[in-house]
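Asker: build me a model:
(one chain, ligands or ions: 2)
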Amino acid sequence: MASQSPILPLAMTLGEPAGIGPDIALAVWMARTKLHIPPFYLIGDAAFLTSRARRLGYTVPIVETAPAEATRLFPNALPVVPIGFPIDDRPGDPSQSTVQAVVGSIDRAVEDVFEGRAAAIVTCPISKNVLYGGGFAFPGHTEYLAELALRRTGEKRHPVMMLAGPDLLVVPVTIHIPLAEVASALTQDMIVETGRIVGNALKAQFGIPRPRLAIAGLNPHAGEGGTIGREDEEIVRPAVEALRSEGFEVAGPLPADTMFHSRARSTYDAALCMYHDQALIPAKTLGFDDAVNVTLGLPFIRTSPDHGTAFELVGSGKALPDSLIAALKLAAKMAARSTQ
Ligand SMILES: NC(=O)c1ccc[n+]([C@@H]2O[C@H](COP(=O)([O-])OP(=O)(O)OC[C@H]3O[C@@H](n4cnc5c(N)ncnc54)[C@H](O)[C@@H]3O)[C@@H](O)[C@H]2O)c1
Ligand SMILES: N[C@H](C(=O)O)[C@H](O)COP(=O)(O)O
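Answerer: Ligands and ions are numbered 1, 2, ... in the order given. Prediction:
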């Protein structure tokens, strides 16, 4: 009988080494059997991870390997694909000397997924301002991953950030821009393109055959008929109508303050919001411990925990691995669906 090819592992990026990413990656590996964690490898530095495990009092055998061996090794050791830059273990004390390793880890994960060595990418949290200080020119993973996809395929992508929790799927249409710039950045095309990507992803990757979208207004009371700001009538409403004309089921523009209570949430599958905090406040309030950040609109699957580097928790063992676990499980589920 022909032997079955092993399950493709997930490629996990290092994230900020001084943050909680390494702590929770180690904790997740320890919980692999009990919690049915899909196989993954971490792109990082074995000596650094050994030091962090020792600091946490965790017993984690760490093995340097290539992605092709990761699934086989995963039950007995944490597979680490070496990034080629040594990293000092400095809990809660980030250094720009690690920027190359952090960015290189993301680059390597994307290369692996394009080369068919990994099923999807799961990123550990980065410290944005440490990367900015080291010359990183992208607001976050979301935008950088679209740039890597462009370099690889020559095709410009519109990356869409979705926070996916058990009680809410929510998408900010504008992402990492100052609040003062949101109104001028917002366009009808941007909302329509985002709605289209979300609607199609809900069908193809989340198994929702006829997704219902709810679109928030920008202003208080969704502009109160144009008397509290004109954007809802001039930009958001035409976008809602355009999406409907494409066959999507869409409600909006809705007053954002009343669209997240439980009865309101039962009327839609995903909410589109006009700016970062309008979307991420309800997402993290309802499901901080197990919501997942998913990037839609890319030619590969990327998920991430919904939290950041939490420097104050590094090395304490108090960082919860739950959101990273949810990110791994969702990435594996989306990858399985994409091969059906
Ligand atoms: N995906 C990412 O790369 C990502 C996501 C969010 C924030 N960040 C970055 O993280 C840095 C810190 O951001 P922040 O302080 O706004 O958010 P944060 O998520 O790091 O921390 C917010 C609060 O939640 C707590 N917390 C976070 N994760 C936790 C966990 N796993 N278990 C228990 N408690 C946890 C922290 O202790 C803190 O009180 C920033 O540089 C930000 O850019 C990165
Ligand atoms: N906006 C996200 C949040 O606040 O959780 C976070 O910064 C992650 O962004 P990237 O996935 O683009 O790094």
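Asker: ok, which stretches of this structure are strands?
Answerer: Assigned by DSSP state E, the strands in the chain fall at 10-13, 40-44, 62-64, 78-82, 121-122, 160-164, 169-172, 212-216, 249-254, 270-273, 292-296, 302-305.
Asker: format those as a markdown table; extra columns: mean pLDDT, distance to Lys284 and mean neighbour count.
Answerer: C-beta coordinates here come from the backbone N, C-alpha and C atoms, glycine included. Listed next are the strands of the chain as a markdown table, based on pLDDT from 0 to 100; distance: least, C-beta to C-beta, whole Å; neighbours: other C-beta atoms under 10 Å:
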| stretch | mean pLDDT | distance to Lys284 | mean neighbour count |
| --- | --- | --- | --- |
| strand 10-13 | 98 | 21 | 30 |
| strand 40-44 | 98 | 24 | 28 |
| strand 62-64 | 97 | 32 | 17 |
| strand 78-82 | 98 | 28 | 24 |
| strand 121-122 | 98 | 19 | 27 |
| strand 160-164 | 98 | 7 | 25 |
| strand 169-172 | 98 | 10 | 27 |
| strand 212-216 | 98 | 16 | 24 |
| strand 249-254 | 97 | 20 | 21 |
| strand 270-273 | 98 | 13 | 27 |
| strand 292-296 | 98 | 10 | 25 |
| strand 302-305 | 98 | 11 | 28 |
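Asker: quick one: closest of those to ligand 1.
Answerer: strand 302-305 (4.4 Å; C-beta to the nearest ligand atom).
Asker: kindly export that closest one (C-alpha atoms) in CSV.
Answerer: These are the backbone C-alpha positions of strand 302-305, laid out as CSV (Å, rounded to 0.1, in the frame of the first residue of the first chain):
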residue,chain,number,x,y,z
ARG,A,302,-2.4,33.9,7.3
THR,A,303,-3.8,33.9,10.9
SER,A,304,-2.4,35.4,14.1
PRO,A,305,-3.5,35.8,17.7
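Asker: before we move on, the earlier item: and the strands of the chain as a markdown table, adding distance to Phe136?
Answerer: Output for those, formatted as a markdown table (distance: least, C-beta to C-beta, whole Å):
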| stretch | distance to Phe136 |
| --- | --- |
| strand 10-13 | 14 |
| strand 40-44 | 17 |
| strand 62-64 | 26 |
| strand 78-82 | 21 |
| strand 121-122 | 17 |
| strand 160-164 | 18 |
| strand 169-172 | 21 |
| strand 212-216 | 30 |
| strand 249-254 | 35 |
| strand 270-273 | 26 |
| strand 292-296 | 17 |
| strand 302-305 | 16 |
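Asker: now those strands as CSV including distance to ligand 2?
Answerer: Converted to CSV, the strands of the chain look like this (distance: least, C-beta to the nearest ligand atom, whole Å):
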stretch, distance to ligand 2
strand 10-13, 11
strand 40-44, 16
strand 62-64, 26
strand 78-82, 21
strand 121-122, 11
strand 160-164, 6
strand 169-172, 8
strand 212-216, 17
strand 249-254, 22
strand 270-273, 12
strand 292-296, 5
strand 302-305, 5
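Asker: which bits of the stretch 51-200 of the chain sit near ligand 1?
Answerer: Proximity of the stretch 51-200 of the chain to ligand 1, by C-beta under 6 Å from any ligand atom, involves residues Pro125, Ile126, Ser127, Lys128, Asn129, His141.
Asker: measure how buried whichever residue of the chain sits closest to ligand 2 is and give me the count.
Answerer: In the chain, no residue comes nearer to ligand 2 than Gly140, which is 2.7 Å away by C-beta to the nearest ligand atom. The number of residues packed around Gly140, counting by other C-beta atoms under 10 Å, is 20.
Asker: so what's the closest residue to it other than its chain neighbours up against?
Answerer: Nearest residue to Gly140, sequence neighbours excluded (C-beta to C-beta, 6 or more residues apart in numbering): His176, at 5.4 Å. Listed by C-beta atoms under 8 Å, 6 or more residues apart in numbering, the contact set of His176 reads Lys128, Pro139, Gly140, Thr142, Glu143, His276.
Asker: contact partners for the last one?
Answerer: Put plainly, it is His276. So His276 contacts Pro172, Thr174, Ile175, His176, Ile177 (C-beta under 8 Å, 6+ apart).
Asker: what about the helices in the stretch 51-200 of the chain?
Answerer: In the stretch 51-200 of the chain, the segments counted as helices under DSSP state H, counting those that start in this stretch are 67-73, 99-114, 128-133, 141-153, 182-185, 188-206.
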